[in-house]
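Enquirer: coordinates for the following, if possible.
(chains A and B)
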Number of protein chains: 2
Amino acid sequence: MRIGIIGTGMVGKALAAKLVEVGHDIMIGTRDVSQTLSSPNKDVAGNPAFGEWQKQNPKVKLGTFEQAAKHGEVIISATSGAASLEPLKLAGTANLKGKILVDISNPLDFSKGMPPTLSVCNTDSLGEQIQRTFPDARVVKTLNTTNASMMVNPRQLAGGDHTLFVSGNDASAKAAVTGYLKEWFGWEDVIDMGDISTARGTEMLLPIWVRLYGVLKTPVFNFKIVR
Amino acid sequence: MRIGIIGTGMVGKALAAKLVEVGHDIMIGTRDVSQTLSSPNKDVAGNPAFGEWQKQNPKVKLGTFEQAAKHGEVIISATSGAASLEPLKLAGTANLKGKILVDISNPLDFSKGMPPTLSVCNTDSLGEQIQRTFPDARVVKTLNTTNASMMVNPRQLAGGDHTLFVSGNDASAKAAVTGYLKEWFGWEDVIDMGDISTARGTEMLLPIWVRLYGVLKTPVFNFKIVR
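Expert: Predicted coordinates:
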């Protein structure tokens, strides 16, 4: 499948590497291709700069936000959540129309110090903002409740016996994404929370996630809904 | 142990019934004792009116907020979270001084329809508000991430293999409460999240809790932090 990933950070790269490994045709979108390739900066997780990383992952294509959105039958929004809307606008409303748009980001606001707060919550969510801004895209919120490494390899922890959530207005898009989560990454327990407004619930898991990360000293943990 | 419970609702009654069962000396505090005893209203869970309930639970004493706070070596705040501060003020600052004050409520705001939002979150929490208002009380936030039935009987689900959290500024108070949670109710996995500001994280679990209740059609579920 052709998949466009919006965002060159730790999460976009983790997803891209895994998705080419399982046989998909991936293009990552960025604001400025030549700048992304020439930047010497490592990402926040200490991974190599993008140009270096791409040499290790030569099957992953790099294009503009617009090219990646055109490339993808499915689009994954993997930019920093507090600034996800603008890259999607640059990707182009027409290039998202009718497509599944998987929103995996959280609206984390680091401007007030650590741990981060949320720039939107309680009465709205990033998932809803994206769906409102792109009403013809089929937005599915998921994967935002784990870190990048766990997203693509849930079986690294307790054999995968923990939970992920999907939220979205389009039932067939959610069903398709639930299938992708299993097929691509191995997620077995995925709860359909309801319409996109239920993204408020999953995004509001982040304040405890970041504190658990502090307490447990590792991102290798996850929520399981025992029932 | 003498324990004062502030609040005559479903949660206060569930805690009181369990705590007398395990041998403690319990007084529930209310605003107006005679009105509480004569009210014909069932609680939100459909339990009998308080007067009727007390006949079935004759060891549970009823007093004013102030009497219950004086009675308790440990105080449990179990009123509706959006209005927890005023009953505690009526209980009397001097009667809370130096005591463990267990805050189990959530600041749920039902005024905007269902599901409820939070009246405080993200940059503050009910736990912090209580600690700020009563700086000489040793506030421990816990039990707020499950319903009343699960609070007092975690082993009803998966043999108790799921997680509870404690937040508070006083390490010895948290350690004592962690012991009580095990001894009184059977909680085995209790994570110390850190100071009282970490109550932001656990209170912000409520938006997903209420939606999971809608999806799962039962309150018999809980979060487990798999790690």
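Enquirer: from here on, just use CA atoms for contacts and neighbour counts.
Expert: Will do.
Enquirer: which positions in chain A make contact with chain B?
Expert: Along chain A, the residues adjacent to chain B under the rule C-alpha under 8 Å from any C-alpha of the partner chain are A:117-118, A:121-123, A:157-158, A:162, A:192-194, A:198, A:200-202, A:204-209, A:211-212, A:215, A:220-227.
Enquirer: just the helices in chain A please.
Expert: For chain A, applying DSSP state H gives helices covering A:10-21, A:33-38, A:50-56, A:65-71, A:85-91, A:93-96, A:126-133, A:148-152, A:171-180, A:199-203, A:206-216.
Enquirer: deepest in the core, which of those is it.
Expert: For the helices of chain A, the largest average neighbour count (mean count of other C-alpha atoms under 10 Å in any protein chain shown) is found in helix A:199-203, namely a mean of 28.
Enquirer: gap between A:Ile100 and A:Gln35?
Expert: A:Ile100 sits at a distance of 28 Å from A:Gln35 (criterion: C-alpha to C-alpha, to the nearest Å).
Enquirer: low-scoring pLDDT stretches of chain A, where are they?
Expert: Nowhere does chain A drop to pLDDT under 70.
Enquirer: tell me which residue is most central in it.
Expert: The residue lying closest to the centre of chain A (C-alpha atoms, centre = their mean) is A:Ile104, at 2.8 Å.
Enquirer: if I look at the nearest residue to that residue once chain neighbours are set aside, how far off is chain B?
Expert: Once flanking residues are discounted, A:Ile104 sits nearest to A:Asn144: 4.6 Å by C-alpha to C-alpha, 6 or more residues apart in numbering or on different chains. According to C-alpha to the nearest C-alpha, to the nearest Å, A:Asn144 and chain B sit 13 Å apart.
Enquirer: who are the contact partners of A:Asn144?
Expert: Residues in contact with A:Asn144 (C-alpha atoms under 8 Å, 6 or more residues apart in numbering or on different chains) are A:103-106, A:202-203.
Enquirer: end-to-end on stretch A:71-87?
Expert: Its first and final residues considered, stretch A:71-87 spans 15 Å by C-alpha to C-alpha.
Enquirer: again but with stretch A:217-227, I slipped
Expert: 27 Å.
Enquirer: quick check: buried residues in it?
Expert: Within stretch A:217-227, the residues that qualify as buried by neighbour count (16 or more other C-alpha atoms under 10 Å in any protein chain shown) are A:219-226.
Enquirer: these in strands, which ones?
Expert: Judged by DSSP state E, the subset of the buried residues of stretch A:217-227 located in strands is A:222-226.
Enquirer: most remote residue from chain A's center?
Expert: Outermost residue of chain A (C-alpha atoms, centre = their mean): A:Arg227, 26.6 Å.
Enquirer: how about that residue, nearest residue that isn't a chain neighbour?
Expert: Closest residue in space to A:Arg227, ignoring its immediate chain neighbours: B:Phe221 at 4.5 Å, by C-alpha to C-alpha, 6+ apart.
Enquirer: wait, what's in contact with that neighbour?
Expert: Under the criterion of C-alpha under 8 Å, 6+ apart, the neighbours of B:Phe221 are A:225-227, B:157.
Enquirer: for A:Lys97, grab phi and psi.
Expert: phi -60, psi 130 (degrees, to the nearest 10).
Enquirer: correct me if wrong: it contacts A:Val139.
Expert: No - A:Lys97 lies out of contact with A:Val139 (C-alpha atoms under 8 Å); the separation is 10.5 Å.
Enquirer: who has more neighbours out of those two?
Expert: Comparing A:Lys97 with A:Val139 by other C-alpha atoms under 10 Å in any protein chain shown, the one with more neighbours is A:Val139, at 31 against 14.
Enquirer: is the residue nearest to that one when sequence neighbours are not counted in a bridge, and if so with what?
Expert: Leaving out its chain neighbours, the residue that sits closest to A:Val139 by C-alpha to C-alpha, 6+ apart is A:Leu101, at 4.7 Å. Counting by DSSP bridges, A:Leu101 forms beta bridges with A:Ile75, A:Val139.
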